[in-house]
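Visitor: model this:
(4 chains)
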There are 2 protein chains.
Amino acid sequence: MESFINYILQFGNLNNQQIELIKNRGSALELPKDEFYWEAGKTVRHIGFLVEGVLRVYFYNNKGEEITRYFIEENHLILSGDTIDEVYIPSEYISAVTNCKLIVFSKEDWKEILGTVIGWDQILQKIVAKYHNEKMQRRSGLVSQDATQRYLDFIQQFPGLVNRVPLNYIASYLGITQSSLSRIRKNIR
Amino acid sequence: MESFINYILQFGNLNNQQIELIKNRGSALELPKDEFYWEAGKTVRHIGFLVEGVLRVYFYNNKGEEITRYFIEENHLILSGDTIDEVYIPSEYISAVTNCKLIVFSKEDWKEILGTVIGWDQILQKIVAKYHNEKMQRRSGLVSQDATQRYLDFIQQFPGLVNRVPLNYIASYLGITQSSLSRIRKNIR
DNA sequence: TTTCGTTTTTGCCAAATGGCAACTGTTTTC
DNA sequence: GAAAACAGTTGCCATTTGGCAAAAACGAAA
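Guide: You can find the predicted model right below:
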């Protein structure tokens, strides 16, 4: 829980009372490897913060292939398309690449925090803006370079992931096949 | 100006008084073809809404090539990384693909609207969430498909752009060379 | 240690894309 | 209307990546 508070404090100030309120609302959740955090089409009823482990956001393209949109590392909020509305139905899947530990808030509690903690929505807005921009930048980089460079960028951007995430997931994130990625790694050595 | 109000009303309700306030703050801006709306590294002091024309958001990769991150069509807000802070310094360029007409708000006026119009920030948050998700989805699609399919998707997603945007811009958006795109178009015919 | 299942590497060849330069066609300018 | 500038197409060939299947490496469980 400390890690969540520290995360939030990077984006704005809170007093002790506010921190207590937030602490009281969050509850721990363990998500074993390969289990879903979200499934496309199924209503999401909570907001989560990843404390430990790696999550993977993915969807299926029109050929039925599983495409990894991005990874979520520890100490990051899991942002839904809409953090306000009670009902959010994602069009993508999120599942655990490794065993994960999360802190989750029900939508009701989250709304209460929103209504009680002044400035909370601005903190959120900052977080959303920051991560969306980061994701966009990374994605843009993926399109404008050859596969080797994309992989090099990946290990630089996510040094903590390379050894924890199976090759086929990384390959689908980079937009290449697993065998191509394997060959690329061979050449790099 | 009507188009901006209509755009906003899609995301939330406003009363006449609020609408008037907003109308009074916005001012028209004409941006001729090829001129910058933003330049990387230069402070941005206003928020803009594109009424007519096409804008292009791009950056330079490490080989010095110009990469188009996305296009902005008419009737869309131009979202900066942070719509609140006074000072925003973009890391990318935005320039006019065609002659453009915009409505712009100074950061000060924008902040005033934010402080006066209740629910304005929620409207904004919805807009931001919607477009960021759209952009992410499009970008993800670009990585997971071959070039022909990417181009077909592009003309489906942006039917209004194909004939107004030079080929090399589209090619760089799709992550291929201009000659490849030209060949792809030949095959499609 | 052995076995089983999963992940990663590799070989072979086909297909897609890049790089470069020349050519064609279109618009702009004088 | 000729010249110049720009945008788009094409040819040629090298390089990259994909597809498929088999082999190798690795890890977990018996």
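Visitor: Only C-alpha atoms from now on, for both contacts and neighbour counts.
Guide: Will do.
Visitor: how close does the residue nearest the centre of chain A get to B:K130?
Guide: In chain A, the centroid-proximal residue (Cα atoms, centre = their mean) is A:I72; its distance is 3.2 Å. Going from A:I72 to B:K130 by Cα to Cα, to the nearest Å gives 20 Å.
Visitor: same thing with A:G175?
Guide: Distance of A:G175 to B:K130, given as Cα to Cα: 24 Å.
Visitor: between these two, which one's more packed in?
Guide: A:G175 (24 against 13; other Cα atoms under 10 Å in any protein chain shown).
Visitor: My guess is the more buried one contacts B:G141. True?
Guide: No - look at A:G175 against B:G141 with Cα atoms under 8 Å: they stay out of range, at 9.5 Å.
Visitor: returning to what we had before: contacting residues around the residue nearest to the centre of chain A?
Guide: Neighbouring residues of A:I72 by Cα atoms under 8 Å, 6 or more residues apart in numbering or on different chains: A:L50, A:V54, A:L55, A:R56, A:V57, A:I78.
Visitor: phi, psi of A:G48?
Guide: Backbone geometry at A:G48, expressed as degrees, to the nearest 10, gives phi -130, psi 150.
Visitor: Following the chain past the helix or strand bottoming out on mean pLDDT in chain A, name the next helix or strand.
Guide: Of all helical and strand segments in chain A, the minimum by mean pLDDT, DSSP states H and E falls on helix A:120-143, at a mean of 86. Proceeding N to C from helix A:120-143, the next assigned helix or strand is helix A:147-157, under DSSP states H and E.
Visitor: That next one relative to helix A:120-143, how many degrees between them?
Guide: Angle, helix A:147-157 to helix A:120-143, by axes from the mean of the first three to the mean of the last three Cα atoms, to 10 degrees: 150 degrees.
Visitor: thinking again about what came up before, what helices and strands are in contact with the least confident helix or strand of chain A?
Guide: With contacts defined as 3 or more Cα pairs under 8 Å, 6 or more residues apart in numbering or on different chains; DSSP states H and E, helix A:120-143 has these neighbours: helix A:107-116, helix B:120-143.
Visitor: could these be laid out in TSV, adding distance to DNA strand D?
Guide: Shown next, in TSV, are the helices and strands packed on helix A:120-143 (distance: least, Cα to the nearest atom of the strand, whole Å):
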stretch	distance to DNA strand D
helix A:107-116	35
helix B:120-143	9
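Visitor: Most tightly packed of those helices?
Guide: The highest average neighbour count among the helices and strands packed on helix A:120-143, using mean count of other Cα atoms under 10 Å in any protein chain shown, belongs to helix B:120-143 at a mean of 19.
Visitor: Most remote residue from the middle of chain A, which is it?
Guide: Here the centre of chain A is the reference, and by Cα atoms, centre = their mean the most remote residue is A:N187, at 30.4 Å.
Visitor: pretty sure A:S172 contacts A:I67?
Guide: Yes - here A:S172 lies in contact with A:I67, judged by Cα under 8 Å, at a distance of 5.3 Å.
Visitor: what is in contact with those two at once?
Guide: With Cα under 8 Å, 6+ apart, A:S172 and A:I67 have common neighbours B:S144.
Visitor: more neighbours, those two?
Guide: Applying other Cα under 10 Å to A:S172 and A:I67 shows that A:I67 carries more neighbours, namely 25 against 21.
Visitor: relative orientation of the helix or strand containing that one and helix A:120-143 in degrees?
Guide: For A:I67, the enclosing helix or strand under DSSP H and E is strand A:66-72. If you take the same axes, to 10 degrees, strand A:66-72 sits at 130 degrees to helix A:120-143.
Visitor: Neighbouring strands of the next helix or strand after strand A:66-72 in the sheet, and parallel or not?
Guide: Helices and strands here follow DSSP H and E; after strand A:66-72, the next one along the chain is strand A:76-78. Strand A:76-78 has these partner strands in its sheet, going by DSSP bridges: strand A:46-52 (antiparallel).
Visitor: contact partners of the partner strand?
Guide: Contacts to strand A:46-52, defined as Cα under 8 Å, 6+ apart, come from residues A:3-4, A:72-80, A:83, A:99-107, A:110.
Visitor: Could you look up the next helix or strand downstream of that strand?
Guide: Downstream of strand A:46-52, the first helix or strand assigned by DSSP H and E is strand A:55-60.
Visitor: what packs against that next one?
Guide: For strand A:55-60, the elements it packs on are strand A:66-72, strand A:93-96, judged by 3+ Cα pairs under 8 Å, 6+ apart.
Visitor: List the buried residues of it.
Guide: Across strand A:55-60, burial judged by 16 or more other Cα atoms under 10 Å in any protein chain shown covers A:L55, A:R56, A:V57, A:Y58, A:F59.
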